[in-house]
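S.K.: After the sequence you'll find the predicted model.
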Amino acid sequence: MEMMGTTADDYAHAVFHQPNVKFPSRAAAMLGFKPEQIQHGLLSGEIGNVYSGSSMIGLTAILDVAQPGDRILMISYGSGAGSDAFDLV
């Protein structure tokens with residue numbers, strides 16, 4: 001977000017890697033996101049840990065409810081495999 005010059009308030013939705021519900025919820029709060037910004041993409045409590053697919057699966061759920069022009073932040077990380085962030089409009 002620093003590289004993009006954005007803050008959590010600039011995004012309608014955000015989705016993070018989710019090995020469980022607790023970790024992405026904590027990361028989102030630390031970055032300033034409100035629970036309603038991550039609720040649609042937070043699926044690990046329903047489907048479990050799908051490892052590297054969790055961010056993409058969360059994104060598909062967000063796309064079901066997102067409106068044209070909504071800005072979405074998607075971040076994958078974990079297990080020593082590196083991290084990627086996508087700023088989608």
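M.R.: That came through, no problem. For clarity, every value in this text was computed on a predicted model and none was experimentally measured. Residues are numbered from 1 along each chain as shown.

S.K.: How about the secondary structure of A28?
M.R.: helix (DSSP: H, G, I helix; E, B strand; the rest coil).

S.K.: residues touching it, list them.
M.R.: Shown in contact with A28 (Cβ atoms under 8 Å, 6 or more residues apart in numbering): A8, A14, F16, P35, Q37, I38. Just so you know, the C-beta spots here come from the backbone N, C-alpha and C atoms, and that holds for glycine as well.

S.K.: May I see the buried residues of stretch 26-34?
M.R.: Across stretch 26-34, burial judged by 16 or more other Cβ atoms under 10 Å covers A27, A28, L31, F33.

S.K.: so how far is R26 from the spatially most central residue of the chain?
M.R.: Centroid-nearest residue in the chain: V15, 1.0 Å away (criterion: Cα atoms, centre = their mean). Distance, V15 to R26, using Cβ to Cβ, to the nearest Å: 15 Å.

S.K.: And for Y51?
M.R.: For Y51 relative to R26 (Cβ to Cβ), the value is 19 Å.

S.K.: CA atoms only for stretch 74-89 - export them in PDB, please.
M.R.: This file holds the C-alpha atoms of stretch 74-89, laid out as PDB (Å, rounded to 0.1, in the frame of the first residue of the first chain):
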ATOM      1  CA  MET A  74      -5.300  -9.100  -2.600                       C
ATOM      2  CA  ILE A  75      -2.300 -10.300  -0.700                       C
ATOM      3  CA  SER A  76      -0.800 -13.800  -0.600                       C
ATOM      4  CA  TYR A  77       2.000 -14.700   1.900                       C
ATOM      5  CA  GLY A  78       3.200 -17.500   4.100                       C
ATOM      6  CA  SER A  79       5.100 -20.700   4.500                       C
ATOM      7  CA  GLY A  80       8.400 -19.000   3.500                       C
ATOM      8  CA  ALA A  81       7.200 -18.900  -0.100                       C
ATOM      9  CA  GLY A  82       7.300 -15.100  -0.500                       C
ATOM     10  CA  SER A  83       4.500 -12.600  -0.900                       C
ATOM     11  CA  ASP A  84       2.600 -10.900  -3.600                       C
ATOM     12  CA  ALA A  85       0.100  -8.100  -3.500                       C
ATOM     13  CA  PHE A  86      -2.300  -7.000  -6.200                       C
ATOM     14  CA  ASP A  87      -4.200  -3.700  -6.300                       C
ATOM     15  CA  LEU A  88      -7.300  -4.300  -8.500                       C
ATOM     16  CA  VAL A  89      -9.800  -1.800  -9.700                       C
END
